[in-house]
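Peer 1: quick one: sequence plus predicted model below, questions after.
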Amino acid sequence: MQTITTKFLQPTNSHGARIKATSSSGISMTRTYEHGMSTEENHEEVAMALAERLEWDYDFAVGDTPTGFVFVPVDHSRLLNVRNRIRVRKEHTTLNVWNT
């Protein structure tokens, strides 16, 4: 499953500030940074525009990176509840007297 990463592009002599979204396969889209929106909203807008262009119909989990954000499609049938798995393992662990 592919992801989308976004990053902020500094303004240049010929372009204003922009946000670039790139899929794992290298397809990208760049949009002008809208100063009336928050940083997160700007990144979300271009990432969702790219997802729409790629015809991806997913919910996304979002995390920040050193250069922007990463948008990971969520397959709800494969969600992993780590806390629950740890709790279940602890409940089924028996005391090993040879290692104490």
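Peer 2: That came through fine.

Peer 1: tell me which residues are up against the longest helix anywhere in the chain.
Peer 2: The residue-count maximum for a helix in the chain (DSSP state H) belongs to helix 39-53. Helix 39-53 is contacted from outside by 4, 6, 8, 19-23, 27-31, 33-34, 37, 58, 60, 62, 68-69, 71, using C-beta atoms under 8 Å, 6 or more residues apart in numbering. (Glycine included, C-beta is placed from N, CA and C.)

Peer 1: who does the very next helix or strand once past that helix touch, helix- and strand-wise?
Peer 2: Downstream of helix 39-53, the first helix or strand assigned by DSSP states H and E is strand 59-64. Contacts defined by 3 or more C-beta pairs under 8 Å, 6 or more residues apart in numbering; DSSP states H and E place strand 59-64 against helix 39-53, strand 68-74.

Peer 1: so which bits of strand 59-64 are buried?
Peer 2: By neighbour count on 16 or more other C-beta atoms under 10 Å, the buried set for strand 59-64 is Phe60.

Peer 1: that strand - which strands sit beside it in the sheet, and in what orientation?
Peer 2: strand 68-74 (antiparallel) (DSSP bridges).

Peer 1: next one: the strand it pairs with to chain centre, how far?
Peer 2: 1 Å (C-alpha atoms, centre = their mean, to the nearest Å).

Peer 1: report the angle between that strand and helix 39-53.
Peer 2: 50 degrees (axes from the mean of the first three to the mean of the last three C-alpha atoms, to 10 degrees).

Peer 1: only alpha carbons, please: show strand 68-74 as PDB.
Peer 2: The C-alpha coordinates for strand 68-74 follow below in PDB (Å, rounded to 0.1, in the frame of the first residue of the first chain):
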ATOM      1  CA  GLY A  68       6.300  17.700   6.500                       C
ATOM      2  CA  PHE A  69       3.700  15.000   6.900                       C
ATOM      3  CA  VAL A  70       3.000  11.400   5.900                       C
ATOM      4  CA  PHE A  71      -0.500  10.200   5.000                       C
ATOM      5  CA  VAL A  72      -0.900   6.400   5.300                       C
ATOM      6  CA  PRO A  73      -4.100   4.800   3.900                       C
ATOM      7  CA  VAL A  74      -5.900   2.800   6.600                       C
END
